[in-house]
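Engineer: Attaching a predicted model along with its sequence, questions to come.
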Amino acid sequence: MVKKLPKTDVVIVGVGWAGGIIASELTKKGYQVVGLERGKDRKMEDYFMAHDELRYAIRHEMMQDLSKETITFRNNEKMRSLPMRQYGSFLLGVGVGGAGTHWNGQNFRFLPYDFEMRSETIKKYGADKIPADMTIQDWGITYDEIEPYYDQYEKMAGISGEDNPLGGPRSNPFPTGPMKKTQAMQLFDKATKNMGLHPYVQPSANLSENYTNPDGISRVACQYCGFCERFGCEYGAKADPLVTVLPVAKATGNFEVRPHSEVRRILKDGDKVTGVVYVDMNTGEEFEQPADVVVLTSYVFSNVRLLLLSEIGRPYNPTTGTGVIGKNYAYQIRKGRATGFFDEQKFNNFAGAGGLGMIVDDYNGDNFDHTDLDFIHGGMIILGQTGLRPIANNRIPSGTPTWGKEFKDVSLKYTNAALTVSGEGASMAYKQHFLDLDPVYKDPFGDPLVRITFDFEEQDRQLTAFLADKCEAILKEMGADHIDTSRELGPYNVAEYQSTHNTGGVIMGADPETSAVNSYLQMWDVDNLFVVGASAFPQNAGYNPTGTVGALSYRAAEGIIKFFENNGGQLVEAKKGKQHV
Amino acid sequence: MSTKDEKNSLLDKRSSRRNFLKNSGLTVGGLIAGGALGSLLVENDASTTDVQSEPHKTFENPNVALMYFTPEQYRITEAATERIFPKDHNGPGAKELLVAYYIDHQLAGGWGTGTKEYTSGPFYPGESTQGYQGRLNRQQIFEIGLKAIQDLSVKTYDNRFEKLSEEEQDAILTEFAEGKVELIGMKSDYFFGVLRSATLEGAYADPLYGGNANMEGWKMKNFPGHQMSFLNIIEDEFKVIEPAALNSQHSH
């Protein structure tokens, strides 16, 4: 028996950054919003024991319980897909605040090139530069169009930083100044300047100074305690939906969060959605929550899965390349890196902040000439100082045994005397990389798990070797005595942690034939359904995604308000055939 | 308590156990008879391998007790982890850090039974890029793996693993690390990888989990543990900071 609840203006599925921003913006305007979150509720006090590497970083305390739901994976369509039984390649957020509670706070704007990658690449290098199976697309929004939403998001979160000399133009300076420079960062700064590169302090959501945002929310400055990544911030210095947008939404009296609520289906009647069906996981009771607007705000996988399970939108077909739901799954290329071992110098590697680091973008986007290169795009190069914790960080020069007397001695010697410089490579979309429903593996309700079909391509191998060489050269200039360089990419391995920057599956664009949502994240097929998250990225950039997810969330919130004010209808006129070459 | 007092209390406890055994009639001519008591962790009462003698404070530490392992499993684990993370000029090894107790405690809980992992079938071996696809949880992995260490030791050296020389122990563990030992349901290098990871966890996790005794693991690594702020040193040269554990949160 499904119990039907009173109708609300808006129901959001997933209460993380995207859900929190949309709830905050809509409730401020007087709309009633219900937030359904499959995980538990959280408050800042819950971070009391945050400095526990084993519990949070190694045992994934804040992540989705894989016994209930995971993904399945195969490298290609010929391989049997199997479940990701334990955490590895990426971490799935869950609970109120979502992954916004346990992110590092590395916060970027994508480059102008990223938003018009296909047209710009063709314009500069010709259509032949893009391989036949590479399905990159323009976003249907330009950097100049998304800039005001980046600005809005950055002011809300209090992003700390300094101008990126190679980035897009900014309408306003960063709301707070750059983070402090550690000894290692100073070394990177000097070395890259000597090399003629353009270093800048990484934009950070960790707050370099006390800050009050336009909503009147005050937060204190970061203490550089070294526990951001995979942990909640007990100071509230790290921007987290719990200490930014969610209190604003709750204060309006128009927002209700229902934790432990697992949404199973979106309900559709004709060309409109009417609400969602969810289960209270504590009682097993089923509810129908009717709403005028449904917003999916579950980053990537749950957005795609719910659409496929609810049979909304045209599923992607990898054989024909038609359909859109599940299309253009992309990731990030993180293996191009180098580690330098120092014999004379030691660093405070234990201290740091998730968003602390120095960046160069000289090899990112189209900031360098690709005419004679066998790949497009690139990636940022970063020396991060997130705070190295002892269980996970035992760096040893290659050839050192991995256990026993020598391992112990050498790993202790280099704990505070090794620095890693890494490339964060962009990930292009391919016809053969997609998400669909697994034919075999199911969740406890009997619903199929989402399936990833993905591998690295020649583009990614070239990019990895290229970025690795650049990282090595920087460490050499920094004076490392021994450098180990990682140039080989290998096949994509789901068991090896790389990055939680999964993207695509419900991509945005200007043409309904090739994209699922318009530039307001509104579905082309269903006017009152918005799908917000990195699921909207047509391919992935050489940066962390949260800043762009935040900007898109503000854009979507504006779109939903317009939708109500217009009494419905499409907010963007479709441009047919623009993407076809 | 001074070191001398601690030693006295240690001797007291030993003698009280000896008295108990004697009075209970379980000793015959000074030898301890069989049965469960006879197979306690300290096999030989006068043995220098008394796990509780170092660090001394563990006598007052109720956490030093087994939740999951059999005494034999404990002894193999203690000896094997000590070879993975041995005592050296830097400081204590796995044994003194109480790593085997840490692993025992972890196995007794959700990590041992894999409660947060996807354990539904069907099961297929999978490709090397698809991660662990076995049916075994970590309790079963240790049960099978530790028994295999013992069996190979007896077969190769006609002696139990914990009695072998360091070189012999290393030779046995190398066989496992290189995936050369036939095991049920997994490859031996997989088991060794789990054992190695758990050893590092036991050496470096907050002492609240029962390992990293007296924060000696952190001291060797110059890791300050739980600190409220590094604001005053973040821009500075390397500094050694006395570590603090999460326990300090509770004494505020």
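Structural biologist: It's in.
Engineer: SS state for the most centrally placed residue in chain B?
Structural biologist: Centroid-nearest residue in chain B: residue B:100, 1.1 Å away (criterion: Cα atoms, centre = their mean). Look at residue B:100: counting by DSSP: H, G, I helix; E, B strand; the rest coil, its state is helix.
Engineer: By residue count, tell me the biggest strand in chain A.
Structural biologist: The strand of greatest length in chain A, counted in residues with DSSP state E as the criterion, is given as strand A:286-296.
Engineer: Tell me how far residue B:126 lies from chain A.
Structural biologist: Computed as Cβ to the nearest Cβ, to the nearest Å, the residue B:126 to chain A distance reads 5 Å. Yep, even glycine has a C-beta here, placed from its N, CA and C like the rest.
Engineer: Read off the pLDDT value for the nearest residue to that residue once chain neighbours are set aside.
Structural biologist: Nearest residue to residue B:126 in three dimensions, chain neighbours excluded: residue B:133, at 4.0 Å (Cβ to Cβ, 6 or more residues apart in numbering or on different chains). pLDDT, the model's per-residue confidence, is 97 for residue B:133.
Engineer: so residue B:133 sits in a helix?
Structural biologist: No - assessed with three-state DSSP, residue B:133 is coil; it does not lie in a helix.
Engineer: So what's the residue count around residue A:511?
Structural biologist: Around residue A:511 sit 18 other residues, with neighbours defined as other Cβ atoms under 10 Å in any protein chain shown.
Engineer: I'd like the distance between it and chain B.
Structural biologist: Taking Cβ to the nearest Cβ as the measure, residue A:511 and chain B are separated by 34 Å.
Engineer: Residue A:83 now?
Structural biologist: With distances defined as Cβ to the nearest Cβ, the gap from residue A:83 to chain B amounts to 5 Å.
Engineer: In contact with that residue: list those residues for me.
Structural biologist: Taking Cβ atoms under 8 Å, 6 or more residues apart in numbering or on different chains as the definition of contact, the neighbours of residue A:83 are A:70-73, A:441, A:449, B:118, B:120.
Engineer: make it 10 Å
Structural biologist: The neighbours of residue A:83, taking Cβ atoms under 10 Å, 6 or more residues apart in numbering or on different chains as the test, are A:66, A:69-73, A:438, A:440-442, A:449, A:451, A:494, B:117-123, B:126, B:130-131, B:133.
Engineer: I'd assumed residue B:82 was in contact with the residue nearest to the centre of chain B.
Structural biologist: Yes - using Cβ atoms under 10 Å as the test, residue B:100 is close enough to residue B:82 to be in contact (8.6 Å).
Engineer: Give me the common contacts of these two.
Structural biologist: For the pair residue B:100 and residue B:82, residues contacting each of them under the criterion Cβ under 10 Å, 6+ apart are B:94, B:199.
Engineer: which residues of the stretch 201-350 of chain A fall in helices?
Structural biologist: Ranges of helices in the stretch 201-350 of chain A, per DSSP state H, counting those that start in this stretch, are A:245-251, A:301-309.
Engineer: what's the most buried one of the ones you listed?
Structural biologist: When neighbours are counted by mean count of other Cβ atoms under 10 Å in any protein chain shown, the highest per-stretch mean among the helices of the stretch 201-350 of chain A falls to helix A:301-309, a mean of 25.
Engineer: name the helices or strands packed onto that one?
Structural biologist: strand A:8-13, strand A:261-269, strand A:286-296, strand A:327-330, strand A:434-442, strand A:448-453, strand A:503-505, strand A:529-531 (3 or more Cβ pairs under 10 Å, 6 or more residues apart in numbering or on different chains; DSSP states H and E).
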